[in-house]
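[1] this one's sequence-less:
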């Protein structure tokens, strides 16, 4: 059989670290980059007599994500012990949620090549993270700072059909958790990582094939490459008449390949049991109402409103809603000026270029939204030209000064005096008789040459419309 006769079936299990100050079940700090084993306590270390206490903040953040994805919120859920040998989780089990998760049956919507896609969620449940093993040549070290850090695990239905879809799904999740403020989504620091379950089946079949699980992938590029590799690996096995083995595989990004870790465990192998030290988690309606009231306008709704309210294209709106803070900045500038489309053009062409060059977020931008609006008004009233405005913008970004201050300090006010422009235009025509004759002979595009000469003579300060008008009159004469 050829590859075209197989259909990929992909489900993702994404782990998101929640933005809490302390750990899931103890008061130990949750700080990335702290000295090894400095963020621990008796509960994290699994010492006798130490008891877990639920971190209320992690529940609030998980509820926010559940509401944002349209999930069903379980009013009574519970934590279980998931028994497994974790060398970096000292108590010998992970506190997680099993048969009674907090959130179920949500949806994640995203776009692939301009086509809307929707993938259902099986569940969103709370659990704690394990620590980190650091392997050296002849020894292994354990850092328990991550042990006990609160996570949500977002489990999708097996409804993704390509590596590209999986990548876009993950990008959408990252945008959402950052938009909601429940996680920084920093994949380099492990705040967002995923396991990918991949299987193949004949095109048109409805039953699932045997899946392989790709573990702990922490970048969009890697998840796409890993899934593509796994599809190719399983295709080769099936085309040769072989049988895919259910197993967990580790993706080696440097080698661009995966290798088997272990045969895949089933749920009962973890010996789940309700955690006897934690009571059931009961969520009342008042708590849910508070979380719903605090929910911000979501990215999809924000994009639709920007298109309708400011006349933006869908592509413009998508760029401006990559981050909630950027969308807020744009709207503040658009309200201050009144022309959302022009503001959008300046944000995308000038502001984002500067921010990306300096690896800055919009929160660290030295230009306030009102300052950009003031700059555009200087163009509107003829004080400066569009070309000078770009020069002023660069100085605003470097200094944080207001545009009016920069224009006055550096003498950048646009020349609108017709007599001064006419003097510069006559000088340009007299100095270039050959080009003037070409214009009069019908080569009208030569006017651009003379505009350049006049702008050069006036230091770029002459009003372009006035320059064109004067030159057309003089050259025509």
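    Nice, thanks for sending it over. These figures come from a predicted structure and were not determined experimentally.
[2] Could you use CA atoms for every contact and neighbour count after this?
    Fine.
[3] residue closest to the middle of the protein?
    residue 175 (3.9 Å; Cα atoms, centre = their mean).
[4] Name the helix or strand for that one, please.
    helix 163-180 (DSSP states H and E).
[5] now for the helix or strand following that helix, which elements pack on it?
    Using DSSP H and E, the helix or strand that follows helix 163-180 in sequence is strand 192-202. Secondary-structure packing of strand 192-202 (3 or more Cα pairs under 8 Å, 6 or more residues apart in numbering; DSSP states H and E): strand 6-17, strand 212-217, helix 220-239.
[6] of all those, which lies closest to residue 297?
    Taking Cα to Cα, strand 6-17 is the member of the helices and strands packed on strand 192-202 nearest to residue 297, at 21.0 Å.
[7] What average pLDDT does whichever helix or strand comes after that closest one get?
    Where DSSP H and E defines the elements, the next helix or strand beyond strand 6-17 is helix 42-45. The pLDDT scores in helix 42-45 average 94.
[8] for the protein, what helix or strand is lowest in average pLDDT?
    Lowest by mean pLDDT, DSSP states H and E among the helices and strands of the chain is strand 257-263, with a mean of 80.
[9] just the angle between it and helix 220-239, please?
    Between strand 257-263 and helix 220-239, the angle comes out at 70 degrees (axes from the mean of the first three to the mean of the last three Cα atoms, to 10 degrees).
[10] which other residues reach strand 257-263?
    The set of residues external to strand 257-263 that reach it, using Cα atoms under 8 Å, 6 or more residues apart in numbering, is 226, 229, 230, 245, 246, 247, 248, 249, 250, 251, 252.
[11] Would you mark the buried spots in that strand?
    residue 258 (16 or more other Cα atoms under 10 Å).
[12] So in that sheet, which strands flank that strand, and in what orientation?
    Partners of strand 257-263 in the sheet, by DSSP bridges, are strand 247-252 (antiparallel).
[13] how far out from the middle of the chain is the partner strand?
    Centroid separation between strand 247-252 and its chain, computed with Cα atoms, centre = their mean, to the nearest Å, is 26 Å.
[14] mind listing what's buried in that strand?
    Buried residues in strand 247-252 (16+ other Cα under 10 Å): 247, 248, 249, 250, 251.
[15] Go through these and name the one nearest residue 307.
    residue 251 (40.6 Å).
[16] partners of that closest one in the sheet?
    residue 258.
[17] Which pLDDT does the model give the nearest residue to residue 45 once chain neighbours are set aside?
    Leaving out its chain neighbours, the residue that sits closest to residue 45 by Cα to Cα, 6 or more residues apart in numbering is residue 90, at 5.6 Å. Residue 90 is assigned a predicted lDDT (pLDDT) of 88.
[18] Are we agreed that residue 90 is in a strand?
    No: counting by DSSP: H, G, I helix; E, B strand; the rest coil, residue 90 is not part of a strand but coil.
[19] contacts for the host helix or strand of residue 438?
    For residue 438, the host element (DSSP H and E) is helix 433-440. By Cα under 8 Å, 6+ apart, the residues outside helix 433-440 that reach it are 429, 444, 445, 446, 447, 475, 476.
[20] cutoff 7 Å now
    Applying Cα atoms under 7 Å, 6 or more residues apart in numbering, the contact partners of helix 433-440 are 429, 446, 475, 476.
[21] Which one of these sits in the busiest neighbourhood?
    When neighbours are counted by other Cα atoms under 10 Å, residue 429 leads the contacts of helix 433-440 with 19 neighbours.
[22] Quickly note the distance from it to residue 237.
    Distance from residue 429 to residue 237, counting by Cα to Cα, to the nearest Å: 77 Å.
[23] was I right about residue 244 contacting residue 210?
    Yes: counting by Cα atoms under 7 Å, residue 244 does reach residue 210; the two are 6.1 Å apart.
[24] How many neighbouring residues does the nearest residue to residue 424 once chain neighbours are set aside have?
    The shortest distance from residue 424 to any non-neighbouring residue, by Cα to Cα, 6+ apart, is to residue 454 (5.7 Å). Residue 454 has 27 neighbouring residues, counting by other Cα under 10 Å.
[25] Run through who's touching the host helix or strand of residue 454.
    Assigned by DSSP H and E, residue 454 belongs to helix 447-457. Here helix 447-457 makes contact (Cα under 7 Å, 6+ apart) with 424, 425, 428, 461, 462, 467, 468.
[26] Now stretch 437-445: buried residues?
    Quick answer for stretch 437-445 (16+ other Cα under 10 Å): residue 439.
[27] tell me the mean pLDDT over the longest strand along the chain?
    Counting residues, the longest strand found in the chain (DSSP state E) is strand 115-128. Averaging pLDDT along strand 115-128 yields 95.
[28] Pull the residues that contact it.
    Outside strand 115-128, the residues within contact range by Cα under 7 Å, 6+ apart are 24, 94-97, 101-111, 148-157, 159.
[29] do stretch 288-300 as well
    For stretch 288-300, contacts defined as Cα under 7 Å, 6+ apart pick out 63, 64, 67, 321.
[30] Please narrow the contacts of helix 447-457 to those residing in helices.
    424, 425, 428, 467, 468 (DSSP state H).
[31] Give me the pLDDT for residue 5.
    Residue 5 is assigned a predicted lDDT (pLDDT) of 89.
[32] pLDDT below threshold where in the stretch 301-450 of the chain?
    For the stretch 301-450 of the chain, the stretches flagged by pLDDT under 70 are 414-417.
[33] same thing but 80
    Counting by pLDDT under 80, the stretch 301-450 of the chain has low-confidence residues at 412-418.
[34] go on, the stretch 151-300 of the chain?
    261-269.
[35] Next, residue 99: secondary structure please.
    coil.
[36] how deep is it tucked in, by neighbour count?
    Neighbour count for residue 99, taken as other Cα under 10 Å: 13.
[37] can you check the one 4 residues further on too?
    For residue 103, the number of neighbouring residues by other Cα under 10 Å comes to 26.
[38] In contact with it, which residues?
    Contacts of residue 103 (Cα under 7 Å, 6+ apart): 66, 71, 72, 73, 74, 123, 124, 125.
[39] Now the buried members of these.
    For the contacts of residue 103, buried by 16+ other Cα under 10 Å: 66, 71, 73, 74, 123, 124, 125.
[40] do you know how far the residue nearest to the fourth one when sequence neighbours are not counted is from residue 37?
    Here the nearest residue to residue 74 in space, its sequence neighbours aside, is residue 102; by Cα to Cα, 6+ apart that works out to 5.2 Å. Using Cα to Cα, one gets 30 Å for the distance from residue 102 to residue 37.
[41] now residue 293
    39 Å.
[42] any idea how this structure splits into domains?
    Using automatic domain parsing, the domains assigned to the chain come out as 3-290, 298-402, 418-476.
[43] Dump those to JSON lines, plus distance to residue 409.
    Output for those, formatted as JSON lines (distance: least, Cα to Cα, whole Å):
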{"stretch": "domain 3-290", "distance to residue 409": "40"}
{"stretch": "domain 298-402", "distance to residue 409": "11"}
{"stretch": "domain 418-476", "distance to residue 409": "15"}
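[44] Pull the number of nearby residues for residue 295.
    14.
[45] On the three-state scheme, it is what?
    Classification of residue 295 using three-state DSSP returns coil.
[46] Run through who's touching stretch 312-330.
    175, 179, 299, 303, 306, 307, 341, 362, 363, 369.
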